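>>> Predicted structure and sequence below. I'll ask about it afterward.
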Amino acid sequence: MTDGELTDAFDANALGRSISHLEHVRISFVLLRRHGRREAEQRIVESTRRIATSLGVADRFDEELTRAWVAAIDDALADGDESPQDLRRRPELEKGDLLGLPAWSRAV
């Protein structure tokens, strides 16, 4: 699945499954490129919440952490990264816990 196809399916809530951290990063790159930070962030937050709810894990959605990741990926784009494939220049973005653990896992 291409980055664009993955993003379109995510945005339309048509995946029917959870997504990995790296898929989330790929989607964020695409949405930031397409829409800019404000709209991309809103789409990512809404779609991630919708997917978590549809999978019965709404309590695992961490909006603050999701927004922090969008900011980190937007910063990478501002530094010249053009696509999710540019992650090889930013291996830190591959680390799902780079910005901390989600609130639900800290409470466990």
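Good, I have the coordinates.

>>> pLDDT value on Asp59, please?
Note for Asp59: predicted pLDDT of 90.

>>> what separates Ala76 from Arg60, distance-wise?
From Ala76 across to Arg60, the span is 25 Å (C-beta to C-beta, to the nearest Å). (Glycine included, C-beta is placed from N, CA and C.)

>>> Looking at these two, which is more packed in?
Taking neighbours as other C-beta atoms under 10 Å, Ala76 and Arg60 compare with Ala76 leading, 22 against 14.

>>> Without its sequence neighbours, what residue ends up closest to that one?
Excluding the flanking residues, the one nearest Ala76 by C-beta to C-beta, 6 or more residues apart in numbering is Arg90, at 5.5 Å.

>>> What are the buried residues along the top helix by length along the chain?
Identified as the longest helix of the chain according to DSSP state H is helix 21-54. By neighbour count on 16 or more other C-beta atoms under 10 Å, the buried set for helix 21-54 is 23-32, 37, 40-41, 43-44, 47-48, 51-52.

>>> Could you give the average pLDDT over that helix?
Helix 21-54 shows a mean pLDDT of 93.

>>> now for that helix, which elements pack on it?
On a contact count with 3 or more C-beta pairs under 8 Å, 6 or more residues apart in numbering; DSSP states H and E, helix 21-54 meets helix 3-11, helix 63-78.

>>> weakest of the ones you listed by average pLDDT?
Ranked by mean pLDDT, those end with helix 63-78 at the bottom, a mean of 88.

>>> just checking, what packs against that helix?
helix 21-54.

>>> Val25 against Ile73, yeah?
Yes - if you go by C-beta atoms under 8 Å, Val25 and Ile73 touch, sitting 6.3 Å apart.

>>> what's the overlap in contacts for the two?
Leu93 (C-beta atoms under 8 Å, 6 or more residues apart in numbering).

>>> which residue is nearest the middle of the protein?
Nearest to the mean C-alpha position of the chain, by C-alpha atoms, centre = their mean, lies His24 at 3.4 Å.
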